[in-house]
Every structure is written in C-alpha cells, then in structure tokens.
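Visitor: from the sequence below, what's the structure:
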Amino acid sequence: MGRSGRHRTGIPIGVPEANSALVARLREQLGDEVDGLENALATEPVVSIRVNPNKWSGPQNTEPVPWCGTGHYLAERPAFTFDPLLHAGAYYVQEASSMLLEQAVLASGLANERIAALDLCAAPGGKSTHLRSLLHADTLLVSNEIDPKRATVLQENLWKWGAANSMVTCAAPQRYAHLQEVFDLVVVDAPCSGEGMFRKDAFAREQWKPALVKQCSAMQHDALEHAWNCLRPGGMLIYSTCTWEIEENEAQVAALMARGGHTIAIPTLPEWGMHRTSRHGIDAVRCYPHRVRGEGSFIALLRKAGERTGHAVPRNTQEVTGTAPWLLPSRAWNLIEMNAQQFAIDATWSAMVERIRSAVPTWSSGVPYAERKGITWRPHPGLAFAQDLDRSRFHSIPLDHTQAITMLRGNALSTSDARGAGLATYQDVPLGWLQGAGDRWNNRWPAAWRIRSARPSAPLVSWSA
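Guide: Got it, this is the predicted structure:
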C-alpha cells in the first residue's frame, strides 16, 4: 500500500547493512527479527492478482489471498501484457498486502451503503478498483491524483474496471478544502518513504534516508488534514502506507486521534501473519515480508467524531437530461459533455457531481459514453468496458488470442463484409470497438493503450486460450 513513487524493478534486495539509521529503526520494531526480514527481502517478490468479479470468475488452481475474496497468488510472474483479459479490466495485478484494504472496508460497516467516497491519492488505481468491487454499486467514488501523468493511468484503469458512478479528479489535496464534510469514506494511501517496497523496487532502497522520512511525513500530514476535513461527522478514514516508519504511520494516526478520531480494529487472523500495533494508543496493522506472503505495509481505520445524519445522496432523483440508449435502463442517466466527450451519470448523483466539478479539476464524471466524430457522436472507447453497457445494441465479434493481440497492437483485422460498429470480445469479455470497412475491421483501440513489446519476455498466463 502507499507509494514510493518509482516503478518495480524485480531485483531482490535486502536491508542495507551500511545504513545504520534504517537498521536501528527496524531493530527497534522487530528486535532480532530484522535478520529474518533481511532474508525475506533477498527473495523474489510474491506475484498476485485481484479479479474483477463483474467480468471474470478468475483463474483455476491458484492459491487464494486469504484476506481478499477476489485475490489470487500466482506461482510466477507471467507476461501480463500479452493477456487480453488484463486489458479488458478482468483483473488487476496487485501486491497482496495491499488487498488488506478489503478488511478495512468491511470493518467500516459502509460496504453495503449508498455513500460518497473519496480516494485521495489514487493512482495507479489499485485501491480505487478494489473499492469499486467492495462498495455498493450505487456509491459515488471520486478518485483523485495530483500528478497528470499518473492520473491518465488511473483514469484508464477505472474505465476498464467498468463501474458506474466513478469520477477522476486531478488536484492537490488542498483543492478539496472547498468540499468540507462531504464524504462518508475517505481513503488516503499516502506517498511514503517506501521501505515496504524494498524487495520490489531498487530505487526505493537507494533513495531512503531520514530526511526523506521527514519530507514524506510533512506531505502525509497535509494530505490527512484536508482528507479529515472532507469527512462527514461519523465518517470513516482508511490510512495506509508502504513503509514501517512510525513517524509516517502511528504518529500520523495519533494526530487525527487528537482531533477527536478513534481507531477501529481491522480484523485479521493469526495465520495471516500480520502484526498488530498499539503505539500511541492506536489499533492498526503492519505487514512484514518475513511474516506475510506479500510486501511491507501499514493500515489503520479511523472514525470521525459525531453522528452521521441525513444522507450524502438525496433520496429523490434529479431531473433527467438526455438519454443513454447504449446503457442498460437500470438507472436514470444524465449526460454531460466535457471536452468533446459525453459522460453518463446516475441522475441521483447529478447535484453532487456538479458540486465536485465546480470545486476541483475533473477529468471524467461517470461512464465514458460517447466521443465526438465530426458532427456526430460515436461510442467512447471506455464505453466498451462499462458494466452497464447494453451489449444487445451492438454486433459482438469474438476474437481468439492471436486476433485479440493484433487488435491490442492497434492493427486492423481481416474479414469479409464488415459493416457498422462492432464490439470485440475475448472469452466473452468486451475488449473494445471495431469499425466495419468491407474486407476488414478497422481498429478503435486507443493509441496510448497499445501493446508496444515485440514478444513476451515471460510465459503467457496459464489461463490464456
């Protein structure tokens, strides 16, 4: 959980003997277990995925991640890039310890309520896609990322996950100062010094120093201040990092407790190997790779003082504007136009969406529905993945693995008598749009999403057909 801000290298590395400051900090927490931690960090990272239950039942004959109902361990890291199901949003490659978010959400008691939720530091989308699977389908989830490049990846992953009532914003946390006491649930998976990623990320190890811890701590304090102010009385906040630093973990939670919050226990089982911490009087969970089959992390759940009164979402449906015939009529949809794109919003959330759009820079609001082509509108690339897509409106074009990879590279598909718009599918999971041009299907797979690799550098996934 959390981010050290750099990409995984896959090079196993251990706790540096020369870095006495870090070793001393870890020894204070673990005592002689530091040796076991060092041994664990010198092994290969664990590989795991989390399935999108609305699209795929998941791989067979895999070991489940015990604290996540849709998590699976894999025996080795395959060539995920060459699996069409990954591109279709059927699963997300995610570190197993991060999936402990599920237990925190369940402990919050909000999973089955229609609420407004905010994921404040959301890129690349692991937590947001998990939240979309855990929370009520009618929940409004706002996923925010301060960095535009990372926000692009976040938006792609959320579109592919396909849930309605999802917004993507790109703003510094202080921009949310205009949205006081709006959200029932706020998740802050904070950028951190990244100790928990040492096994996966060589740069996280190289950049570590006490000054980085202080810098991260200051950023976390600022983000949490604004997150707490966004939270409604009686609301829940989940705070997580991928570091073991007390200054970045327990000390941050203690500051919220000083403002009237209190921690709620996140249930764990002894056989999972998690470590419960009670420093500063809090109840939180730490993960260490020598104890847990996953990477290092910290997570806490807090409740804000006060009682939740009223409803974040109004009971009455807002006035419906326009129609959305490409979507199932299970909701009343409102269409809004943003930058030559149309987005379909559950009309119940229209007023809230407009309030958020007026307060923070917004990239997308709801289901990506249509994009302008000349003077007409055509299905948006992201619409193909929508769980509310009315597939009966489109001609389905099943693809085998070779054809799907051809499409994902951005190439046309040879055929005969191809006409109109077609919905490409792989193993009956929608993959994207094709446009008929007689003897071929022209490809509408976005250029930014295309496979660039010439060939797999690892074995294909075991479930590839």
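Visitor: CA atoms only for the longest strand along the chain - export them in PDB, please.
Guide: In terms of residue count, the longest strand belonging to the chain (DSSP state E) is strand 231-241. C-alpha atoms of strand 231-241 as PDB (Å, rounded to 0.1, in the frame of the first residue of the first chain):
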ATOM      1  CA  LEU A 231     -15.000  13.600   6.000                       C
ATOM      2  CA  ARG A 232     -18.600  13.900   7.400                       C
ATOM      3  CA  PRO A 233     -19.100  13.600  11.100                       C
ATOM      4  CA  GLY A 234     -19.200   9.900  11.900                       C
ATOM      5  CA  GLY A 235     -17.500   9.100   8.700                       C
ATOM      6  CA  MET A 236     -14.600   6.600   8.200                       C
ATOM      7  CA  LEU A 237     -11.000   7.200   7.100                       C
ATOM      8  CA  ILE A 238      -8.600   4.500   5.900                       C
ATOM      9  CA  TYR A 239      -4.900   5.400   6.100                       C
ATOM     10  CA  SER A 240      -2.200   3.300   4.600                       C
ATOM     11  CA  THR A 241       1.400   3.400   3.500                       C
END
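Visitor: tell me the first helix or strand C-terminal of that strand.
Guide: Downstream of strand 231-241, the first helix or strand assigned by DSSP states H and E is helix 250-257.
Visitor: how about the strands of the stretch 201-350 of the chain, start to end?
Guide: Using DSSP state E, counting those that start in this stretch, the strands of the stretch 201-350 of the chain run over 231-241, 262-264, 275-277, 284-287, 297-303, 333-338, 341-346.
Visitor: okay if I get those strands as CSV plus mean pLDDT and mean neighbour count?
Guide: Every residue, glycine included, has its C-beta placed from N, CA and C. Below are the strands of the stretch 201-350 of the chain laid out as CSV (pLDDT from 0 to 100; neighbours: other CB atoms under 10 Å):
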stretch, mean pLDDT, mean neighbour count
strand 231-241, 98, 24
strand 262-264, 97, 17
strand 275-277, 94, 16
strand 284-287, 97, 25
strand 297-303, 98, 26
strand 333-338, 94, 19
strand 341-346, 96, 23
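Visitor: show me what contacts Phe298?
Guide: Each residue near Phe298 by CB atoms under 8 Å, 6 or more residues apart in numbering is listed here: 1-2, 196, 240-244, 248-249, 277, 284-287.
Visitor: now the helix or strand bottoming out on mean pLDDT in the chain: buried residues?
Guide: When the helices and strands of the chain are scored by mean pLDDT, DSSP states H and E, helix 202-207 comes last with a mean of 78. By 16 or more other CB atoms under 10 Å, the buried positions in helix 202-207 come out as Ala202, Phe203, Ala204, Arg205.
Visitor: contacts for stretch 438-455?
Guide: Stretch 438-455 is touched from outside by 81-82, 87, 152, 156, 381, 397, 405, 407-419, 422, 424, 432-436, with contacts defined as CB under 8 Å, 6+ apart.
Visitor: can I get the buried part of the residues you listed as one PyMOL selection?
Guide: Those of the contacts of stretch 438-455 that count as buried under 16+ other CB under 10 Å are selected in PyMOL with:
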select buried, resi 82+87+152+156+381+397+405+407+408+411+412+413+415+418+422+424+432+433+434+435+436
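Visitor: per-residue pLDDT, Asn249?
Guide: pLDDT for Asn249: 97.
Visitor: chain neighbours aside, what residue packs nearest to it?
Guide: Phe298 (4.3 Å; CB to CB, 6 or more residues apart in numbering).
Visitor: just to revisit the earlier point, ok, so of the buried residues of helix 202-207, who is nearest Asp35?
Guide: Arg205 (17.3 Å; CB to CB).
Visitor: isn't the closest one up against Arg199?
Guide: No - in this structure Arg205 lies outside contact range of Arg199 using CB atoms under 8 Å: 9.0 Å.
Visitor: ok so, going back, among the strands of the stretch 201-350 of the chain, which is nearest Val253?
Guide: Across these (criterion: CB to CB), the nearest stretch is strand 297-303, sitting at 4.9 Å.
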